[in-house]
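Colleague: Structure of the sequence below:
(2 chains)
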Amino acid sequence: MSDKNWFLYEVFIRSKNGLSHKHAGSVHASDTETALLSARDLYTRRGEAASLWIIKSSDIIASDPKDDSELFDPSDDKIYRHPTFYSVPNGVKNM
Amino acid sequence: MAIHIPNKPETAYIVRLADNALILGQRLSEMCGHAPEMELDIALTNFALDLIGQANLLYEHALNLETLASNVDEFALTRSLDDYHNCLLVAQPNVDFAHIIVRQYFFSTFQKTQYEALLGSNDKTLAAIAEKSLKEIAYQIRLAHGWMLRLGDGTEESRARMVDALDCLWRYTGELFEKDSTLSALIKSGASADFTLEYKNWQSEMMKTFSQAGDLQAPDILQMLSGGHDGQHDENLGHILKGMQYMQLKYPGLQW
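Modeller: Model prediction:
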């Protein structure tokens, strides 16, 4: 796994039409084709997937944990941004 | 109940298909926990499960056509060596990852041709098993083909291992397309199309892959080896059976 020719890829699975892709985990692979096949072998064995996305982990741009207070704390006291004051109509499934 | 050998050509042929799948599945299962990378470990174990699943369906079908044993486990796991009718290729050992990939690529591409010839079979169950299996086979070819290119066109060492694997395994490919009396009977009765006509096409496909894989060459083989379909096996199958049959012989009637 420490081999410089093996890269880390992140795996995203969409379980059915109409839903969005969700992060499922990661795989090691030498190229994108092997990454896709390995992800299929590791994460879709039990019928979990209708679609797969693969992205090289190093291509992900992540927020810095030390910026948490300026990025995320300001939204904590703005409860009016939550739809909790509305009732969800019957028949809406994925919300 | 004693084991009976098939009387009808169709049953004999289905047992041959099942034995191919079972023995390669058993071979691949030896790699569980031993593949070069964790991802490949799962991939090879999935292949083993696919193949043993195919074998199970085929044995069940064969036992419905003829009373060969009291159940599938007994038939699959307690025959004597010369009552197995798999080709020699599937019993060849897991020397290294190159051997595993070359063996898989040869077998899966052949199996695709062989199973496509069953899609129009007058035996509807057999056609359905072939159709289901072909999806698994397509994936196995995709993975094995990728690694053929990657290893053949990879490092000096991976290429040397591929050359060695071709030297060892190419000689077992002639047997895959032999038309013996059993297959001829099936072609005549409409249970299978004649896939042996595809032998030249299959060979061209292999040559194309070899040339893409760092310009590998098919080795000069004086004579192809065969005999597995008639129950004449080399020592490799004996080693497989020793492990595979142990539990079933020790505990007769064991249900899996």
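Colleague: How about the closest residue to chain B within chain A, nearest residue that isn't a chain neighbour?
Modeller: With C-beta to the nearest C-beta, the shortest gap between chain A and chain B falls at A:S38, namely 3.8 Å. For every residue, glycine as well, the C-beta is placed using N, CA and C. Nearest residue to A:S38, sequence neighbours excluded (C-beta to C-beta, 6 or more residues apart in numbering or on different chains): B:E39, at 3.8 Å.
Colleague: for the strand or helix carrying that neighbour, packing partners?
Modeller: Under the assignment given by DSSP states H and E, the secondary-structure element containing B:E39 is helix B:38-65. Here helix B:38-65 is seen to pack against strand A:22-29, helix A:32-43, helix B:9-29, helix B:72-77, helix B:97-116, helix B:124-152 when contacts are counted using 3 or more C-beta pairs under 8 Å, 6 or more residues apart in numbering or on different chains; DSSP states H and E.
Colleague: Deepest-packed of these, please.
Modeller: Each of the helices and strands packed on helix B:38-65 was assessed for mean neighbour count using mean count of other C-beta atoms under 10 Å in any protein chain shown. The highest is helix B:9-29, with a mean of 24.
Colleague: Now do the same for B:M1: its pLDDT.
Modeller: For B:M1, the model assigns a pLDDT of 65.
Colleague: Render the CA-only coordinates of stretch A:20-40 in CSV, please.
Modeller: Extracted as CSV, the C-alpha positions of stretch A:20-40 are listed here (Å, rounded to 0.1, in the frame of the first residue of the first chain):
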residue,chain,number,x,y,z
SER,A,20,-27.3,11.7,-4.9
HIS,A,21,-23.9,10.0,-4.7
LYS,A,22,-22.7,9.4,-1.1
HIS,A,23,-19.2,8.8,0.1
ALA,A,24,-18.7,5.0,0.8
GLY,A,25,-15.0,4.7,1.5
SER,A,26,-11.7,4.5,-0.4
VAL,A,27,-9.6,2.1,-2.4
HIS,A,28,-6.0,1.8,-3.4
ALA,A,29,-5.3,1.4,-7.1
SER,A,30,-2.7,2.0,-9.7
ASP,A,31,-5.0,3.8,-12.1
THR,A,32,-8.6,4.9,-12.6
GLU,A,33,-9.8,1.7,-14.3
THR,A,34,-8.5,-0.5,-11.5
ALA,A,35,-9.9,2.0,-8.9
LEU,A,36,-13.3,1.7,-10.5
LEU,A,37,-13.2,-2.1,-10.6
SER,A,38,-11.9,-2.4,-7.1
ALA,A,39,-14.6,-0.1,-5.9
ARG,A,40,-17.2,-2.3,-7.6
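Colleague: any weak-confidence spans in chain B?
Modeller: Counting by pLDDT under 70, chain B shows low-confidence ranges at B:1.
Colleague: Closest residue of it to chain A?
Modeller: Ranked by C-beta to the nearest C-beta, the top residue of chain B for proximity to chain A is B:E39, at 3.8 Å.
Colleague: okay but that residue is in contact with A:Y43, surely?
Modeller: No - with contact taken as C-beta atoms under 8 Å, B:E39 and A:Y43 are classed as non-touching, separated by 10.7 Å.
Colleague: ok, and for stretch B:160-173, which residues are buried?
Modeller: Neighbour counts using 16 or more other C-beta atoms under 10 Å in any protein chain shown place B:161-162, B:164-166, B:168-173 of stretch B:160-173 among the buried residues.
Colleague: Just send these back as TSV, with distance to chain A and secondary structure too.
Modeller: Listed next are the buried residues of stretch B:160-173 as TSV, based on distance: C-beta to the nearest C-beta, whole Å; DSSP: H, G, I helix; E, B strand; the rest coil:
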residue	distance to chain A	secondary structure
B:R161	16	helix
B:M162	16	helix
B:D164	21	helix
B:A165	19	helix
B:L166	22	helix
B:C168	25	helix
B:L169	23	helix
B:W170	25	helix
B:R171	29	helix
B:Y172	26	helix
B:T173	25	coil
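Colleague: for chain A, what spans make up the strands?
Modeller: A:7-14, A:22-29, A:51-56 (DSSP state E).
Colleague: May I have the strands that pair with the first one, each with its orientation?
Modeller: In other words, strand A:7-14. strand A:22-29 (antiparallel), strand A:51-56 (antiparallel) (DSSP bridges).
Colleague: Mean pLDDT added to the ones you listed, as a markdown table?
Modeller: Formatted as a markdown table, the entries for these read as follows, by pLDDT from 0 to 100:
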| stretch | mean pLDDT |
| --- | --- |
| strand A:22-29 | 95 |
| strand A:51-56 | 96 |
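Colleague: Many thanks, we can stop here.
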